[in-house]
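Undergrad: What shape does this take:
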Amino acid sequence: MKNSEIKKGTFHAGFSYFLWGLLPIYWKLIDQVNATEILANRVFWSFIFMVLILLVTKKWGLFLQTLKGFAQNKKQLYALAIASLLISINWFVYIWAVNSGHMLEASLGYYINPLVSVLLGMIVLKEKLSIPQYISFGLATIGVLIISISHGEFPWIAISLALSFGLYGLAKKLIIVESSVGLTLETLVLAPIAALYMCFLFMNGTNSFLSASAGTDLLLIGAGAATAVPLLYFAKGAQKIPLSLLGFLQYIAPTLTLILGVFVYKEHFSKEQFLSFIFIWFALTIYSLSKIRLFPEKGIIQKEKLNS
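TA: Numbering: from 1, shown residues only. Next comes the predicted model:
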């Protein structure tokens, strides 16, 4: 693969994680809106935005063709439904956590996520782990235990985010589809439910959309673009760079979220939390280094040639 392509891929993937890392600022702007209503608007307007993207990029025909194929393939249809449910759970927990003052625990969830994904691969897909990867799991477990014991409760926000996104990635392995088409399909599954919930809020007079302010309305509509744009950049970048490089870039998002939580939104960062994060960071360092050794340059080039 040409260096120029790798540079473009690195920029696109890095920019997607940069946007994800700053996304809490967006949700904070509408923290007066109930998290469930934000989720409903996020799903509904994401679907509308993706439909427009497909029309502009002339992929609507591919979308209809893929939709027909899913109707005939029950396995992929079930995987799509599960993926849609998991990503909606992930979105809801993240929005609720950010707007409820738990940004640090949300960032912890996305630090843990890569390790959870590998663990799921070992359990479900019977993938084998190296000794350094086992060590990284041990360190991460210690980090989670420190937070659990010091707070006197299980860090359910972090674990829910890590598990839901890890399982989402596992479900996506069963769905072979173009990235923008896939996102449109996922939001299509949930869009009717989101629309019905929004109508329910209107009928009960408990809606914020079209009743709070024009700024709130625009932010809720813009949630669709805020969701889709990073995913589209990620899809463009992930296709052009080695998996090991992508593994390093993914820590940009939770690091930015951590910085925002501590220095911008002044969330309390205790000594116990700091110690826990140190164990997690050590675990991720060992894990990342093991990935580089597992994917030497020659192997990456061979893999990329097969995919090109």
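Undergrad: My read is that T257 contacts P24, right?
TA: Yes: here T257 reaches P24: they are 5.7 Å apart, a contact under C-beta atoms under 8 Å. To be clear about C-beta, it is placed using only N, CA and C from the backbone, and glycine gets the same treatment.
Undergrad: Please enumerate the shared neighbours of these two.
TA: When contacts are counted by C-beta atoms under 8 Å, 6 or more residues apart in numbering, T257 and P24 have M103, A106 as shared neighbours.
Undergrad: For Q65, what is the enclosing helix or strand?
TA: When elements are defined using DSSP states H and E, Q65 is found to belong to helix 60-72.
Undergrad: From P132, how far out is the closest residue to F282 other than its chain neighbours?
TA: With C-beta to C-beta, 6 or more residues apart in numbering as the criterion, F282 has its nearest non-adjacent residue at 5.2 Å, and that residue is L139. Counting by C-beta to C-beta, to the nearest Å, the separation of L139 from P132 is 11 Å.
Undergrad: State the pLDDT value of V116.
TA: The confidence metric pLDDT takes the value 83 at V116.
Undergrad: Contacts for the helix holding Q65 next, please.
TA: Contacts with helix 60-72, where a contact means C-beta under 8 Å, 6+ apart, come from L54, Q76, L77, L80, V177, E178, V181, T184, L185.
Undergrad: tell me which residues of it are tucked away?
TA: Under the neighbour-count criterion of 16 or more other C-beta atoms under 10 Å, helix 60-72 has F63, T66, F70 buried.
Undergrad: re earlier: if you count surrounding residues, which of L139 and P132 has more?
TA: Between L139 and P132, counting by other C-beta atoms under 10 Å, L139 is the more crowded of the two (19 against 16).
Undergrad: host element of the more buried one?
TA: When the helices and strands are read off by DSSP H and E, the one containing L139 is helix 131-151.
Undergrad: Following the chain onward from that helix, which element is next?
TA: From helix 131-151, the next helix or strand downstream (DSSP H and E) is helix 156-172.
Undergrad: buried residues in that next one?
TA: Buried residues in helix 156-172, counted by 16+ other C-beta under 10 Å: 157-172.
Undergrad: if you go through the stretch 1-150 of the chain in chain order, where are the helices?
TA: Under the criterion DSSP state H, counting those that start in this stretch, helices of the stretch 1-150 of the chain are mapped to 3-28, 35-56, 60-72, 74-99, 103-124, 131-151.
Undergrad: shaky segments in this protein?
TA: Where the chain drops to pLDDT under 70, the residues are 1, 243-244, 247, 291-308.
Undergrad: tell me the contacts of the spatially most central residue of it?
TA: The C-alpha lying nearest the average C-alpha coordinate of the chain belongs to F165 (C-alpha atoms, centre = their mean; 6.0 Å). For F165, the set of contacting residues under the criterion of C-beta under 8 Å, 6+ apart consists of L86, I87, N90, G109, Y110, N113, V116, S117.
Undergrad: Can you report how many residues neighbour Y26?
TA: The number of residues packed around Y26, counting by other C-beta under 10 Å, is 16.
Undergrad: shouldn't it be in contact with G224?
TA: No: under the criterion of C-beta under 8 Å, Y26 makes no contact with G224, lying 11.8 Å away.
Undergrad: got TSV for the helices of the stretch 1-150 of the chain, with distance to L245 too?
TA: Conversion of the helices of the stretch 1-150 of the chain to TSV gives the following (distance: least, C-beta to C-beta, whole Å):
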stretch	distance to L245
helix 3-28	7
helix 35-56	26
helix 60-72	29
helix 74-99	24
helix 103-124	14
helix 131-151	18
